[in-house]
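Visitor: below are the sequence and a predicted model; questions follow.
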Amino acid sequence: MRTTPVAGLDLTALTMGSAPLPTPVARAVDLLDEGWEAGIRALDAADGTGGAESAAGRWLEERQPEGVVVLSGLGTVVGQGRGADLSPARIDGHVAAAVRRLGRVDLGWLRGADAETPLEDTLQALAGAIEGGRLRAWGAGDVDAWALEGLLAEADRTALPRPAFVRVRLNLLERGALQDLAPLAAGEGVVLLAGAPLGGGRLTGRHVAAEESAAEAIRFGAPRDTPIDPALDALVALRDLARDLELSLEGLALAWLLATDPVASTIATPRAKADWDPVHEALERPLDAETVERLEHLLPQP
């Protein structure tokens, strides 16, 4: 599997996400085993700082996998105009908690932006964690090009470590990050990680079939409280293309991300054994340039 260097680590083209509750921990551990067998050598614990037992923590403790890159979110989303709490105390506490629960954290990513804490203070806390050997590098979650420019500028101004990666929402229906953020990141040596590869469930055959049925029912006067997915026509075209390629829609969505150069790694979080099937499809049936071009002609403008 293709890898990309990040802070001296080899990040595989796919990163496993640890299935959240209510998935039982034992089942989530088995799902991580299947990802490991598929050659995935990166694990995003998402929240390695909580109090409940985590599948990621148990898997790391029991399997002792060699060469796996461990990621965890840092900071707390608080809302109410502030966004996230990225204060030094919060960052220090979360790094310590993640190391305690997971054994170690290689890459920590910030949960949004903090409207109250000076950015320099957050960067100082991250620098201390890196200097103390508790982190290898840090990244930002859900940023746009403007926000990444601000992070880079402040890191340079203060001579503190720059972000090594950005973790953003990116899929066939949400491609805005490829317009401005991806070129900036590439030019600055910042790696791009794609989250939500199936668009929160919209890029699944089940969703498309349900929306088709609902649209047909509405034509015959059936009531519906929510609107039909505005991208339904594109989704149907993508599903039909996937069938032509002998792929599922989910497999096509993942294969597109694997074929998209700016994306260093795509985070896949199966919640059931069958959810690994599209991952295997994408790995076994890579898309060529002609198919990618054909696919992208079917998509709505970002």
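Guide: Sure thing, it's come through.

Visitor: what about the strands in the stretch 151-300 of the chain?
Guide: 165-169, 191-195, 263-268 (DSSP state E, counting those that start in this stretch).

Visitor: so what does the longest one touch, helix or strand wise?
Guide: Packed against strand 263-268 by the contact rule (3 or more CB pairs under 8 Å, 6 or more residues apart in numbering; DSSP states H and E) you find strand 3-6, strand 9-12, strand 14-17, strand 191-195, helix 249-258. The way it works is simple: take the backbone N, C-alpha and C, and place the C-beta from them, glycine included.

Visitor: mean confidence score for that strand?
Guide: Taken as a whole, strand 263-268 carries a mean pLDDT of 97.

Visitor: in a helix, residue 91, correct?
Guide: Yes: the assignment for residue 91 by DSSP: H, G, I helix; E, B strand; the rest coil puts it in a helix.

Visitor: tell me the contacts of it?
Guide: Residues counted as contacts of residue 91 (CB atoms under 8 Å, 6 or more residues apart in numbering) are 74, 75, 122, 125, 126, 129.

Visitor: okay if I get these as a markdown table plus secondary structure?
Guide: Shown next, in a markdown table, are the contacts of residue 91 (three-state DSSP):
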| residue | secondary structure |
| --- | --- |
| 74 | strand |
| 75 | coil |
| 122 | helix |
| 125 | helix |
| 126 | helix |
| 129 | helix |
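
Visitor: against residue 132, how distant is the closest residue to residue 31 other than its chain neighbours?
Guide: Nearest residue to residue 31, sequence neighbours excluded (CB to CB, 6 or more residues apart in numbering): residue 270, at 5.2 Å. Distance, residue 270 to residue 132, by CB to CB, to the nearest Å: 34 Å.

Visitor: contacting residues around the nearest residue to residue 287 once chain neighbours are set aside?
Guide: Using CB to CB, 6+ apart and skipping residues adjacent in sequence, the residue nearest residue 287 is residue 259, 4.5 Å away. By CB under 8 Å, 6+ apart, the residues touching residue 259 are 286, 287, 292.
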